[in-house]
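1. Starting from these lines, generate the structure:
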Amino acid sequence: MTIRQIPGPHVAMAAPRPRIFISHSTRAKAGHVCCRCLDAREALVKQLTAEGFEAVYDKDFLRSGDAWQQEIAVELHTSQATVLLLSRHAMESANVGYEASIADGRRRADPRYRFIALKLPDVRRVELAASALKAIHLGEVDMCDWPDDEIAGSRLPAKLCADLAQIRLWHLDRSSPTRHAVTAALGEAYEDRLVAAASLLGVGERLDREVLRERLSEALLTERAPAPRGEPDPLVGALAEVLPVLRPDPAYTVADLSVVHARVPARAAEQLGEVCAREDGRVVVLAATRDVTLRAYLLRAGGRPRPWPHVEVTVPVGARMAAGLVAAIREAVAGYLDYDGYHDPELAGERGFREVIEAHARETGPIVVVVRYLPDVALVRELRVCFPRLLLLFVTDRVGAGDRLEVTELMPLTPSGEGELKRTYGRAMRLAGRAEPTNPPWRPA
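-> Here you go, the predicted structure:
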């Protein structure tokens with residue numbers, strides 16, 4: 001028997017795309033035989049867009065009468081990288097020199113900002129010292145060559161592709177609160193410890209320190225199967241390298257988030273996201289036997305360094321169990337929200353209570369009501385009517401129970417998987433200097 005899953009709308013939040021400013025000369029003319037500036041720009045814009053970047057250049061945002069220097073400075077300062085199309089025209093352009101000087105300044109101030117010179121076939125490196133760009137010290141800038149036979153195709157130089165991968169990684173780190181928290185917490189670890197931890201997790205290439213922290217945080221937050229019995233666990237080994245050299249709070253952040261993201265199925269987080277995207281009927285079931293599992297699911301689902309806010313409600317006994325559970329949920333949620341007016345019409349009563357719940361969901365995420373009980377069909381229907389905007393999470397120790405319930409069953413951990421999660425979490429907490437209390441199994445009603 002299985003809990004039937006009701007497909008809901010999968011609302012994928014569009015991640016912001018990294019912005020790359022393309023600096024090029026506008027003196028080239030279409031079809032000009034001595035220069036391929038325009039071909040290169042069009043091919044680069046097309047390829048960057050296909051790979052998930054937002055490519056911007058002067059024709060996108062400048063209009064007649066604009067203060068062009070100010071507009072270009074704004075675009076450069078809101079980008080994550082600049083690619084300079086280094087053509088013969090660009091070497092002679094004062095405007096390109098202005099753009100390159102800003103990009104070079106950003107590169108010097110921020111080690112993660114990428115300023116890349118993409119040399120076209122009509123330029124020889126020995127000519128750069130005498131060009132209008134000589135003040136930029138292009139020898140210190142990442143430079144790669146774009147062969148003539150690759151410009152019109154979909155291939156980019158390997159060096160540029162490597163830089164793009166680092167730009168994408170950094171941008172993901174900045175747009176993900178969880179990854180940002182882990183990256184920041186790793187900031188005080190010695191570089192040799194970062195290298196050792198990264199090597200254990202398969203990050204073997206040589207990287208500068210800033211990018212290394214981002215790659216390590218990505219690896220720590222990657223879902224991975226536990227090591228076979230008797231084999232050393234790369235995740236625990238990596239944490240053993242970095243946690244002892246961190247202060248208690250950063251160490252706890254790294255340990256907590258790393259174990260949860262490595263062990264809790266990403267699919268379960270997606271399921272919770274799908275349920276929360278519904279207008280109502282937010283009911284899920286989780287098969288679990290330990291408190292650490294429940295908290296791990298709520299932390300994994302939120303996409304932030306803290307678990308979703310949740311309250312736990314005890315199931316009342318007796319013939320009027322359904323009415324008692326509704327009252328218990330209202331009391332617990334009202335207490336969490338500090339709302340005491342749903343019995344008072346002057347304070348908007350029940351309508352005001354629902355408005356407060358909806359506002360909370362929009363501001364900081366859904367309120368999760370945890371009930372350690374497997375309901376029947378009638379109870380689920382009644383709770384959906386009473387609490388359409390709450391996320392009701394029923395916890396049971398049986399996988400696939402309640403075949404007739406029209407609810408989503410979260411992808412569960414196996415019993416051995418729950419035990420492994422608890423053991424790994426405990427080891428990580430001890431490495432972080434924060435021993436956790438024993439967590440015996442519990443059996444829901």
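
2. Return the distance of residue 284 relative to residue 265.
-> According to CB to CB, to the nearest Å, residue 284 stands 14 Å off from residue 265. (Each C-beta comes from the backbone N, C-alpha and C, glycine too.)

3. and those two? which has more neighbours close in?
-> Counted by other CB atoms under 10 Å, residue 284 and residue 265 do not tie: residue 284 has more neighbours, with 24 against 16.

4. quick one: contacts of the helix or strand harbouring the more buried one?
-> According to DSSP states H and E, residue 284 maps onto strand 283-287. Contacting residues not belonging to strand 283-287 are listed as 3, 271-272, 275, 293-294, 297, 374, 380, 383-384, 391-402, 405, 407-410, 412 [CB atoms under 8 Å, 6 or more residues apart in numbering].

5. ok, and the closest non-adjacent residue to residue 145?
-> The shortest distance from residue 145 to any non-neighbouring residue, by CB to CB, 6 or more residues apart in numbering, is to residue 119 (5.0 Å).

6. is it true that the one you found touches residue 144?
-> Yes: counting by CB atoms under 8 Å, residue 119 does reach residue 144; the two are 7.0 Å apart.

7. List phi and psi for residue 311.
-> Phi and psi for residue 311, reported as degrees, to the nearest 10, are phi -130, psi 150.

8. next one: residue 246
-> Main-chain dihedrals, residue 246, degrees, to the nearest 10: phi -100, psi 150.

9. So what's the residue count around it?
-> Residue 246: 22 surrounding residues under other CB under 10 Å.

10. go on, residue 365?
-> 18.

11. Please verify my assumption that it contacts residue 309.
-> Yes: in this structure, residue 365 is within contact of residue 309 by CB under 8 Å, at 6.9 Å.

12. Just give me the residues shared between the contact sets of those two.
-> Common contact partners of residue 365 and residue 309 (CB under 8 Å, 6+ apart): none.

13. For this structure, give me the ranges with low pLDDT.
-> The chain contains residues with pLDDT under 70 at 1-16, 26-35, 59-68, 173-174, 341-349, 401-404, 435-445.

14. The same query, at a cut-off of 50, please.
-> 1-14, 33, 60-65, 444-445 (pLDDT under 50).

15. which residue is nearest the centroid of it?
-> residue 176 (3.5 Å; CA atoms, centre = their mean).

16. In PyMOL, how would I select the buried members of the contacts of strand 283-287?
-> Buried residues among the contacts of strand 283-287 (16 or more other CB atoms under 10 Å), as a PyMOL selection:
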select buried, resi 3+271+272+275+293+294+297+374+380+383+384+391+392+393+394+395+396+397+399+402+405+407+408+409+410+412
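
17. thinking again about what came up before, look up phi and psi at the residue nearest to the centre of the chain.
-> Main-chain torsions, residue 176, degrees, to the nearest 10: phi -110, psi 110.

18. ok, residues contacting stretch 180-197?
-> Everything outside stretch 180-197 that qualifies as a contact, by CB under 8 Å, 6+ apart, is 173-174, 209, 212-214, 216-217, 220-221, 237-239, 241-242, 245-247, 250-251, 253-254, 257-258, 305.

19. Show me what counts as buried in that stretch.
-> 180-186, 189, 193-195, 197.

20. could the residues you listed go into CSV alongside distance to residue 157 and secondary structure?
-> Below are the buried residues of stretch 180-197 laid out as CSV (distance: CB to CB, whole Å; DSSP: H, G, I helix; E, B strand; the rest coil):
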residue, distance to residue 157, secondary structure
180, 30, helix
181, 34, helix
182, 31, helix
183, 28, helix
184, 32, helix
185, 35, helix
186, 31, helix
189, 33, coil
193, 33, helix
194, 28, helix
195, 27, helix
197, 31, helix
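
21. Closest one of those residues to residue 128?
-> Nearest to residue 128 among those: residue 195, at 34.2 Å, using CB to CB.

22. ok, so what distance separates that closest one from residue 232?
-> 18 Å.

23. Taking the contacts of stretch 180-197, please make a PyMOL selection of just the buried ones.
-> Only the buried entries of these go into this PyMOL selection, using 16+ other CB under 10 Å:
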select buried, resi 173+174+212+213+214+216+217+220+221+238+239+241+242+246+250+251+253+254+257+258+305
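
24. Filter the contacts of stretch 180-197 down to the ones in helices?
-> Counting by DSSP state H, those place 173-174, 209, 212-214, 216-217, 220, 237-239, 241-242, 250-251, 253-254, 257-258 in helices.

25. Run through the residues that contact residue 314.
-> Residue 314 sits next to residue 328 when contact means CB under 8 Å, 6+ apart.

26. how far away is it from residue 357?
-> The spacing between residue 314 and residue 357, counted by CB to CB, is 21 Å.

27. Can you list phi and psi of residue 310 for me?
-> Per-residue torsions, residue 310: phi -150, psi 150 (degrees, to the nearest 10).
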